[in-house]
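Undergrad: Could you look at this predicted model? Sequence included:
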Amino acid sequence: MGWWTPLFNALLAYTFFGLDELARQLEAPFGDAPQCLALGAMCRTIEIAAAEALGDAAPLALKPNEKYIVM
């Protein structure tokens with residue numbers, strides 16, 4: 001033990017803080033951050049497919065902006 005105890009505790013605490021931050025990001029996947037799911041684009045794709053299947057005029061697909069690939 002001895003001098004290795006603080007080093008081991010620091011490494012263990014760093015691991016748990018990292019897991020806590022990962023859990024925070026995973027519990028809210030539909031935000032506006034770049035790592036979040038592109039829910040707007042997914043819904044628009046479904047809306048276009050449903051409109052085409054019904055023979056209605058389909059809305060335009062969402063275009064990516066300068067900040068995100070597709071939202």
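TA: Cool, got the structure.
Undergrad: longest helix anywhere in this protein?
TA: The single longest helix within the chain, with elements called by DSSP state H, is helix 4-26.
Undergrad: what does that helix contact?
TA: residue 35 (C-beta atoms under 8 Å, 6 or more residues apart in numbering). C-beta coordinates here come from the backbone N, C-alpha and C atoms, glycine included.
Undergrad: Which strands or helices does the helix or strand just after that helix pack on?
TA: Using DSSP states H and E, the helix or strand that follows helix 4-26 in sequence is helix 39-54. Packed against helix 39-54 by the contact rule (3 or more C-beta pairs under 8 Å, 6 or more residues apart in numbering; DSSP states H and E) you find no helix or strand.
Undergrad: Need the nearest residue in space to residue 44, chain neighbours excluded.
TA: residue 62 (5.1 Å; C-beta to C-beta, 6 or more residues apart in numbering).
Undergrad: what's the burial count for the one you found?
TA: Here the number of neighbours of residue 62 (other C-beta atoms under 10 Å) works out to 16.
Undergrad: same check, this time on residue 64
TA: Neighbours of residue 64 (other C-beta under 10 Å): 11.
Undergrad: And residue 38, by the same measure?
TA: By other C-beta under 10 Å, neighbour count at residue 38 equals 17.
Undergrad: again with the one 3 residues further on
TA: One way to gauge burial is a neighbour count; for residue 41, by other C-beta under 10 Å, it gives 17.
Undergrad: what's the answer for the one 4 residues further on, then?
TA: If you count neighbours by other C-beta under 10 Å, residue 45 ends up with 14.
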